[in-house]
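Trainee: After the sequence you'll find the predicted model.
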Amino acid sequence: MSYETYTRYSTIDYSKTLTIYDMNRTFVILGNNSIDEKLTPTREATFIAAMFAFVFIFIGLVGNIILLATILSVKKLRSNIINIFIVSLQVNDLMNIGFNQFFVGLSYANRGWLGGRILCDLVVYFSGVCMGCLLWHHCLIAIHRYIAVVYHNLLRKISLKTYATVSLIITRLIPIAACIPSFRRYTISYSPQILRCQFIGRLQIIINVFILILLPASIIIFCFLGIFIYVARATHISRMKQVRSMQTSNTQSLRREIRITKMFGR
């Protein structure tokens, strides 16, 4: 269950042929010039999109490089485990911006995909993995904050180096594993509307939505909700202790005054 070849759309030749080998059956999909021209965005739209894409690419690259240089140049910042996670997150962003978004910008500028079939497929896979890594890194940071606040004694008992290494490996293995089903059967197709390839397999789309988006988002919400509840309870207990302490202090002061009064009364 794999696909053999497909011929990409071109701004010069709008005819396309998509050959799919799936369950030993071959489907040939043919298009014509008028249909492809209607599906393709206008030159004005792609020109504006290309300008915005390259502006954001430049800003993203500069911003991530500055942040990385700042953290890595200061020893105190490098030793903080949250900053280690942030560095890994910035590396992921640089890969996404420098590879995926760059080719997306080129497709807008060219009004068609550049790079051939292999790059078209790779951009889809890398986009899915980078998106998953982005959300799972935020999930990792949320989990660490939850552990640091609610189970702070646990961090003292484990090796932070091992903890950080295992956590970073997991945040990358999950998105990669989520893309495995797309290697087993044909799930990628070129879309003239967005001028690049995209996932079309229903199973792969469901996996991406649930494992790469909904699951980490749910964990993030749970962690910060748990932190909020823990802090609220701790604040309430602290206030109750202060009230009891004040009441005890007032009672002791009153008893002391009564004793003094009795002494002078004699």
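Mentor: Structure received.
Trainee: where exactly do the strands run in the stretch 151-266 of the chain?
Mentor: 188-191, 196-199 (DSSP state E, counting those that start in this stretch).
Trainee: same for the last one, what does it pack against?
Mentor: Helices and strands touching strand 196-199, by 3 or more CB pairs under 8 Å, 6 or more residues apart in numbering; DSSP states H and E, are helix 102-110, helix 116-150, strand 188-191. Bear in mind the C-beta positions are built from the backbone N, C-alpha and C, glycine included.
Trainee: right, so the strands of the stretch 151-266 of the chain: which one is the most enclosed?
Mentor: strand 196-199 (a mean of 21; mean count of other CB atoms under 10 Å).
Trainee: Quick one: mean pLDDT for it?
Mentor: Mean per-residue pLDDT for strand 196-199: 86.
Trainee: What segments of the chain are helices?
Mentor: Assigned by DSSP state H, the helices in the chain fall at 33-39, 43-73, 75-78, 81-95, 102-110, 116-150, 152-157, 160-178, 181-184, 202-207, 215-265.
Trainee: which stretch among those helices comes nearest Leu195?
Mentor: Smallest distance to Leu195 across those (CB to CB): 4.2 Å, for helix 102-110.
Trainee: now that closest one, how far from the centre of its chain.
Mentor: Its chain's C-alpha centre and that of helix 102-110 lie 23 Å apart, by CA atoms, centre = their mean, to the nearest Å.
Trainee: who touches it?
Mentor: 11, 46-47, 49-50, 53-54, 57, 113-115, 119, 123, 195-196 (CB atoms under 8 Å, 6 or more residues apart in numbering).
Trainee: Between these, which sits nearest Arg233?
Mentor: Lowest distance from Arg233 to these (CB to CB) belongs to Ile57, with 45.7 Å.
Trainee: rewinding a little: any chance of the helices and strands packed on strand 196-199 in a markdown table with mean pLDDT and distance to Val91 as columns?
Mentor: Shown next, in a markdown table, are the helices and strands packed on strand 196-199 (pLDDT from 0 to 100; distance: least, CB to CB, whole Å):
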| stretch | mean pLDDT | distance to Val91 |
| --- | --- | --- |
| helix 102-110 | 90 | 16 |
| helix 116-150 | 90 | 9 |
| strand 188-191 | 84 | 26 |
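Trainee: out of these, which comes closest to Ile81?
Mentor: Using CB to CB, the nearest of those to Ile81 is helix 116-150, at 6.7 Å.
Trainee: which helices and strands does the closest one pack with?
Mentor: helix 81-95, helix 102-110, helix 152-157, helix 160-178, strand 188-191, strand 196-199, helix 215-265.
Trainee: Could you save these as a markdown table and add columns showing distance to Trp136?
Mentor: Below are the helices and strands packed on helix 116-150 laid out as a markdown table (distance: least, CB to CB, whole Å):
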| stretch | distance to Trp136 |
| --- | --- |
| helix 81-95 | 10 |
| helix 102-110 | 22 |
| helix 152-157 | 20 |
| helix 160-178 | 4 |
| strand 188-191 | 22 |
| strand 196-199 | 18 |
| helix 215-265 | 5 |
